[in-house]
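Undergrad: here is a sequence together with a model predicted from it:
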Amino acid sequence: MISKKMQAMVNSSSAIRAMFEEGKRLASLWGEDKVFDFSLGNPNIAPPAAVADAVRAELQADDPVFLHGYMSNAGYDDVRAKIASSLNARFGTNYEGGGVVMTVGAAGGLNVVLKSLLDDGDEVIVVSPYFGEYRCYAANFGGKLVEVPALADFMPDCAAIEAAVGERTKAVIVNTPNNPTGAVYGADVLKELAHALERASKRAGRPVYLISDEPYRELVYGGAVQPYVGAYYRNTLTCYSYSKSLSLAGERIGYIAIRPDADGYDELCAACGVATRILGFVNAPSLMQRVIARCVDVKPDVEFYDRNRALFESVLDEAGLEYVKPQGAFYLFVKAPDGDEAKFCARAKERGILIVPSTSFGVKGYARAAYCVSPAKIEGSREAFKALAASYN
Ligand code: PLP
């Protein structure tokens, strides 16, 4: 028998993954061209050519032990140093290689950070809507999420976050560019958030850490700029991933970056290294670490997603569906015409469209569509979206 805790997790298992599986099932019944799967944030473009070049170059190196063996739990020192230098050059930060811990994607990084910070009963504030996996990640370490609703424009409500900091609050998670809304937090918002957390930390007499979950850091459109979150608040733990930027989601590679002026810096760095080991990751995948060392400044193909975004917006506009205009990431948050997200997603599925109900992200009334698919898939869904909207008339 599996544990009661795990039974609960299995029963409430990710609706996103369930939709993805459903998409595969429907495609086998109806044919691939009749199914429009916008459920999963799985990039549909090949990694930049530099990634394949780096893999080939690494595989030709003549030291297989070095390439495929264990290394320090926090990762290869030279890779960590390269990432620190790259961040410092791009964002004017002051990272040291020792403050970078290589991770199994952002998911691995978030689990390592939460393992390092949380005691049973500790609280983590999230801005709703939020990436639903945070619930499981906090629960993994006896932590509890405290949801603070975003403002009407999906920016964080900094005053409400400050007010929500209590005795057990260890951290606040933010995610910008945002999944599921596509919102991008600007400099003013990040300054306000930093001030709110500084006041809250002072009142608490201990640091309230900011966990910046940023797998979509570079994916911004239409003139939007994503300022570097970790530049605003010294107690920021940045969880980055190459899953989206370099289309390496299945390879599981990312990092945590900790500012050298963060409270408890040495302890935090040590804890993240140990957490990597004892969570069973042991270390981030070695080949991918070496590849990243060669690709640290490679830029993602933002144009591809921007074109997809424009195409998807035209599909929704033509159907007459309302949505939050995204500034970043690769998601569209579409309003359920009558406010009933479950009905909306069920009706969409009847027409071969797979989208995720917003209850997975802690709010009602919307569905999330991931547009990191082929342009042909988006174009192909046009009539199905029109039929979906028409079913409300
Ligand atoms: N955080 C957010 C907001 C995400 O959307 C995702 C994946 O979709 C993750 C974390 C996990 O990403 P990774 O593949 O880097 O573990």
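TA: Perfect, thanks for sending it.
Undergrad: make it CA atoms for all contacts and neighbour counts henceforth
TA: Fine.
Undergrad: pop out the phi and psi values for Val174.
TA: When read as degrees, to the nearest 10, the backbone of Val174 gives phi -120, psi 160.
Undergrad: and the pLDDT for it?
TA: Listed pLDDT for Val174 reads 98.
Undergrad: what does the one 3 residues further on give?
TA: In this model, Pro177 is scored at 98, pLDDT.
Undergrad: that one contacts Val184, correct?
TA: Yes: under the criterion of C-alpha atoms under 8 Å, Pro177 makes contact with Val184 at 4.6 Å.
Undergrad: need the residues touching each of these two.
TA: Val220, Gln226, Gln327, Gly328 (C-alpha atoms under 8 Å, 6 or more residues apart in numbering).
Undergrad: could I get those residues as CSV with distance to Leu117, pLDDT and neighbour count?
TA: Formatted as CSV, the shared contacts of Pro177 and Val184 follow (distance: C-alpha to C-alpha, whole Å; pLDDT from 0 to 100; neighbours: other C-alpha atoms under 10 Å):
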residue, distance to Leu117, pLDDT, neighbour count
Val220, 30, 97, 24
Gln226, 27, 98, 20
Gln327, 31, 97, 25
Gly328, 29, 97, 30
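Undergrad: in helices only, show me these.
TA: Among the shared contacts of Pro177 and Val184, no member is found in helices (DSSP state H).
Undergrad: which of these lies closest to the ligand?
TA: Of all those, the ligand sits closest to Gly328, with 11.9 Å by C-alpha to the nearest ligand atom.
Undergrad: the closest one reaches Val225, doesn't it?
TA: No: using C-alpha under 8 Å, Gly328 makes no contact with Val225, being 9.0 Å away.
Undergrad: quick revisit: among the shared contacts of Pro177 and Val184, which ones lie close to the ligand?
TA: Checked against the ligand using C-alpha under 6 Å from any ligand atom, the shared contacts of Pro177 and Val184 give no members in range.
Undergrad: which pair of the residues you listed spans the longest distance?
TA: Gln226 and Gln327 (9.5 Å; C-alpha to C-alpha).
Undergrad: who touches both of these two?
TA: Contacts common to Gln226 and Gln327, judged by C-alpha under 8 Å, 6+ apart, are Pro177, Val184, Val220.
Undergrad: at the contact with the ligand, which residues of the protein appear?
TA: For the chain, the residues in contact with the ligand (C-alpha under 6 Å from any ligand atom) are Gly41, Gly105, Ala106, Ala107, Phe131, Asn175, Asn179, Asp213, Pro215, Ser241, Ser243, Ala249.
Undergrad: okay, now the fourth one: neighbour count?
TA: What it means is Ala107. Neighbour count for Ala107, taken as other C-alpha atoms under 10 Å: 21.
Undergrad: got phi/psi on it?
TA: Here Ala107 shows phi and psi, under degrees, to the nearest 10, equal to phi -60, psi -40.
Undergrad: can you give me the helices in the stretch 201-350 of the chain?
TA: 265-278, 286-295, 302-319, 341-350 (DSSP state H, counting those that start in this stretch).
Undergrad: put together CSV for the ones you listed, with mean neighbour count on each row.
TA: Converted to CSV, those look like this (neighbours: other C-alpha atoms under 10 Å):
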stretch, mean neighbour count
helix 265-278, 19
helix 286-295, 20
helix 302-319, 18
helix 341-350, 19
